[in-house]
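# Kindly return the folded structure for what I paste below:
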Amino acid sequence: MTSYAIPLWDMPAVPVTGSDALFPVRHVYCVTRNYDPRAAEPGGISEREVPAIFTKAPGSVLAVGGEVPYPPETERFEPEIELVIAIGEGGSAIAPETAEAHIFGYTLGLDMTRRDLQRAARAEGRPWDIAKWFDAATPLGPIRPVGEIGHPRSGAITLDVNGARIQQGDLNQMIWKPNEVVALLARYETLAPGDIIFTGTPEGETVVEKGDRLEGEIEGIGRLSVTIT
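Okay, here's the model as predicted:
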């Protein structure tokens with residue numbers, strides 16, 4: 001039997017709708033700058049910029065919402081609502097045409113960011129991981145399997161803070177569609193079951209404070225509620 005020098009930590013995991021099963025989170029990938037209203041128009045966008053890719057610590061996952069502690073060392077704490085892909089079958093060099101076969105399901109999530117730390121790091125040409133990795137930085141809703149909802153191509157995506165609408169868009173405004181995001185990441189790294197992918201956020205920003213109530217929703221996917229404490 002394998003022994004460990006320290007006690008093993010709990011595996012980050014998210015409930016799966018229609019089941020008692022949990023989806024274990026192996027890795028958290030995120031892409032940026034992936035919404036443009038022109039993408040919903042006939043013909044879409046002819047020339048697309050490859051989005052930036054970053055990661056978040058799996059230990060920052062907060063399953064099905066709840067309380068997000070206000071993180072230290074920041075004065076500008078910002079949320080972003082996003083469609084999240086859950087990978088069920090791994091692979092590398094995945095073609096966009098076959099990428100949907102690798103997707104287990106979808107959920108919604110909040111990419112919580114210490115924006116002032118991120119901007120300061122960017123200005124100095126330093127990595128900005130510290131702006132993205134902290135306790136409860138990655139709230140996620142329950143995962144809905146593909147067998148239940150298919151592959152969403154449209155649907156309203158919104159974020160309200162204390163009842164005020166902060167972000168509003170539609171999944172059909174994504175520049176890189178979910179299958180293309182999976183294929184893009186698989187160009188750089190082998191994906192594996194348990195990986196989750198944040199797919200970008202629509203326009204709108206706000207600063208949140210202790211006591212604020214955040215309500216995210218994606219049509220056909222679900223809702224996610226968190227309180228800043």
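
# what pairs with the residue nearest the centre of the chain across the strands?
With distances taken as C-alpha atoms, centre = their mean, residue 198 lies nearest the centre of the chain, 2.8 Å away. In this entry, residue 198 is beta-bridged to residue 30, residue 84, by DSSP bridges.

# ok, now which ones touch it?
Taking C-beta atoms under 8 Å, 6 or more residues apart in numbering, we find residue 198 in contact with 28-31, 56, 82-84, 109, 111. All C-beta atoms are positioned from the backbone trio N, CA, C, and that covers glycine.

# Please produce a markdown table containing those residues, extended by pLDDT.
A markdown table is the format used below for the contacts of residue 198 (pLDDT from 0 to 100):
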| residue | pLDDT |
| --- | --- |
| 28 | 98 |
| 29 | 98 |
| 30 | 98 |
| 31 | 97 |
| 56 | 97 |
| 82 | 98 |
| 83 | 98 |
| 84 | 98 |
| 109 | 98 |
| 111 | 98 |
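
# wait, which of these is closest to residue 170?
Distances from residue 170 to the contacts of residue 198, taken as C-beta to C-beta, are shortest for residue 83 (10.7 Å).

# Now do the buried residues in the longest helix along the chain.
For the chain, the helix with the greatest residue count under DSSP state H is helix 178-188. By neighbour count with 16 or more other C-beta atoms under 10 Å, helix 178-188 contains the buried residues 178-186.

# Correct me if wrong, but residue 100 is in a strand.
No. Assessed with DSSP: H, G, I helix; E, B strand; the rest coil, residue 100 is helix; it does not lie in a strand.

# so how far is residue 153 from it?
11 Å (C-beta to C-beta, to the nearest Å).

# Between those two, which is the more surrounded one?
Using other C-beta atoms under 10 Å as the criterion, residue 100 and residue 153 rank with residue 100 on top: 16 against 12.

# So that one is in contact with residue 177, correct?
No. Contact between residue 100 and residue 177 fails when scored by C-beta atoms under 8 Å: they sit 9.8 Å apart.

# List of residues touching the longest helix of the chain?
The contact list for helix 178-188, computed with C-beta under 8 Å, 6+ apart, reads 29, 31, 34, 50-51, 53, 83, 85, 87, 91-97, 99-100, 102-103, 106, 151-152, 176, 191, 197, 199.

# Just the buried ones out of the residues you listed, please.
Buried members of those, scored by 16+ other C-beta under 10 Å, are 29, 31, 34, 51, 83, 85, 87, 91, 94, 96, 99-100, 102-103, 106, 152, 176, 191, 197, 199.

# Beta-bridge partners for residue 15, please?
Beta-bridge partners, per DSSP bridges, of residue 15: residue 22.

# From what I see, residue 32 and residue 50 are in contact.
No. Between residue 32 and residue 50 no contact is recorded; they are 10.3 Å apart, counting by C-beta under 8 Å.

# ok, residue 113 - how many residues close by?
For residue 113, the count of nearby residues is 23 (other C-beta under 10 Å).

# State the distance from it to residue 92.
29 Å.

# now residue 42
33 Å.

# what's the answer for residue 130, then?
Separation of residue 130 from residue 92 (C-beta to C-beta) stands at 29 Å.

# ditto for residue 208
From residue 208 to residue 92 the distance is 38 Å (C-beta to C-beta).

# name the element residue 73 belongs to?
Secondary structure assignment for residue 73, by DSSP states H and E: no helix or strand.
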